[in-house]
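1. I need the structure of the sequence given here:
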Amino acid sequence: MTRVAAIDCGTNSIRLLVADVDPDAGTLVDLDRRMEVVRLGQGVDRTGRIAPEALARTLDAARRYNDVCTGLGVEAVRFVATSASRDAENRADFVDGVRAALGVEPEVVAGQEEAELSFRGATGVLGAKHPGPFLVVDLGGGSTELVLGTSTPEAAFSMDVGCVRMTERHLRSDPPTTAEIAAAHTDVAAALDTASAVVPLGKTVTLVGLAGTVTTVTAHGLGLPAYDAEVIDGSVLPVDVVLAACDDLLLRSREDRAALGFMHPGRVDVIGAGALVWADVVRRVRDEVAAAGGQLTEVVTSEHDILDGIAWSIATR
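-> Here you go, the predicted model:
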């Protein structure tokens, strides 16, 4: 058994998982799982650079995570960075800062590897409970990964649409206007057109959604008074319930969203765009499955995602 620390630094949040992993027994036991919203991708879509204040917030969190790892006696750490740091011209400042904070080299992974890690993390838990092929969708702040496969990924694509990117690009009003929503739908549809040429969405038997936008939408669909990861993890909702929850979050004002008991404060301003992206993905997959002669009636949500995939990758290197 190996005690590992997996860190996932995305466009909106930075997350830590400390776990004991036994690859021979196929077990992963959480010791600490936490998340901070640092908005590393603030303005990156517009400027092409990580903002100084965003970098400072992220490195402060990394130093706190280092303290957690030291206290728990972690043997190996892997720090994976995704969309915002891939896109930024000044990503060397980010890499240098993380190295100083944690003593490890951050890996700015390509979308393909990000997708594979997400698939591994999600299906490691769900594979025995639902039939494949699985379409695993990891909806982040700057990008959304789609991975199709049963035991291993067979096709994957990373789309440059996410909750932070779509908010900054389109949904500037509170609540968003009809024109802003239409423009965002157009962007997502174009990305899905490209993705569907690579990933055969119509082969999906089980659709699995990951990450904060999806889990927040699920909390809303379940009618939870407060966020409850144990209830959300592995939950199955009808497609119509998911779409209704997405549409409701998109059209609410910022004040109304903030008042929801399950809403993380760091997601209040971007959940509308995230819900729009998730709804568009669910509708497209449902329609392509129907066109292929099948039927998609439910959506599965998983709290196991790229963090779990990173942890498994450390222990099996």
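2. Could you report the distance from Glu75 to Asp8?
-> Distance of Glu75 to Asp8, given as Cβ to Cβ, to the nearest Å: 19 Å. For the C-beta atoms, the positions are set from N, CA and C on the backbone; glycine is no exception.
3. So for the two, which sits in the more crowded spot?
-> Asp8 (29 against 14; other Cβ atoms under 10 Å).
4. Describe which strands the helix or strand hosting the more buried one pairs with in its sheet and in which direction.
-> Element membership for Asp8 (DSSP states H and E) is strand 2-9. In the sheet, strand 2-9 lines up against strand 13-22 (antiparallel), strand 76-81 (parallel) (DSSP bridges).
5. so after the last one, what's the next helix or strand?
-> So the one you mean is strand 76-81. helix 83-87.
6. Give the rounded mean pLDDT of that next one.
-> Helix 83-87 shows an average pLDDT of 71 in the prediction.
7. could you pull out the helices for the chain?
-> 44-47, 52-72, 83-87, 91-102, 111-126, 163-169, 178-196, 211-222, 229-232, 239-251, 254-258, 271-291, 306-315 (DSSP state H).
8. Identify whichever of these lies nearest to Val299.
-> helix 239-251 (4.9 Å; Cβ to Cβ).
9. Show me what the one helix or strand in the chain whose mean pLDDT sits lowest is packed against.
-> Taking mean pLDDT, DSSP states H and E as the measure, the chain has helix 83-87 as its least confident helix or strand, at a mean of 71. Under the contact criterion of 3 or more Cβ pairs under 8 Å, 6 or more residues apart in numbering; DSSP states H and E, helix 83-87 touches helix 44-47, helix 91-102.
10. Name the residues that touch it?
-> Helix 83-87 has contacts (Cβ atoms under 8 Å, 6 or more residues apart in numbering) with 9-11, 40-41, 44-45, 48, 50, 91, 94-95, 106, 108-111, 140-143, 160, 162, 165.
11. Can you say which of those residues are buried?
-> 9-11, 40-41, 44-45, 50, 91, 94-95, 106, 108-109, 111, 140-143, 160, 162, 165 (16 or more other Cβ atoms under 10 Å).
12. If the nearest residue to Leu72 once chain neighbours are set aside is in a bridge, with which residues?
-> In this structure, Leu72 finds its nearest non-sequential neighbour in Val18, 5.2 Å apart by Cβ to Cβ, 6 or more residues apart in numbering. Counting by DSSP bridges, Val18 is bridged to Ala5, Asp32.
13. for Val18, what are its contacts?
-> If you count contacts by Cβ under 8 Å, 6+ apart, then Val18 has 3-5, 30-33, 68-69, 72, 74 around it.
14. what does Val38 give?
-> Contacts of Val38 by Cβ under 8 Å, 6+ apart are 12-14, 54, 57-58, 60-61.
15. Kindly report the same for Gln295.
-> By Cβ under 8 Å, 6+ apart, the contact list for Gln295 reads Val289.
16. pLDDT value on it, please?
-> For Gln295, the model assigns a pLDDT of 96.
17. just checking, His220 touches Leu250?
-> No. Counting by Cβ atoms under 8 Å, His220 does not reach Leu250; the two are 11.1 Å apart.
18. which neighbours do these two share?
-> By Cβ under 8 Å, 6+ apart, no residue touches both His220 and Leu250.
19. quick one on the thing from earlier: now tabulate the strands paired with strand 2-9 in JSON lines and tack on distance to Asp87.
-> Putting these into JSON lines (distance: least, Cβ to Cβ, whole Å) gives the following:
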{"stretch": "strand 13-22", "distance to Asp87": "16"}
{"stretch": "strand 76-81", "distance to Asp87": "11"}
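20. right, so of the ones you listed, which gets closest to Val214?
-> strand 13-22 (13.3 Å).
21. Can you get me a residue count around the closest residue to Ala290 other than its chain neighbours?
-> Excluding the flanking residues, the one nearest Ala290 by Cβ to Cβ, 6+ apart is Leu296, at 7.4 Å. By other Cβ under 10 Å, the residues close to Leu296 number 20.
22. circling back to that earlier point, using PDB, write down the CA coordinates of the strand holding Asp8.
-> Presented in PDB, the C-alpha positions along strand 2-9 are these (Å, rounded to 0.1, in the frame of the first residue of the first chain):
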ATOM      1  CA  THR A   2       1.300   3.500  -0.900                       C
ATOM      2  CA  ARG A   3       0.100   6.800   0.600                       C
ATOM      3  CA  VAL A   4      -0.200   9.300  -2.200                       C
ATOM      4  CA  ALA A   5      -1.300  12.800  -2.800                       C
ATOM      5  CA  ALA A   6      -3.100  13.700  -6.000                       C
ATOM      6  CA  ILE A   7      -3.600  17.400  -6.800                       C
ATOM      7  CA  ASP A   8      -5.800  18.600  -9.600                       C
ATOM      8  CA  CYS A   9      -5.400  22.300 -10.500                       C
END
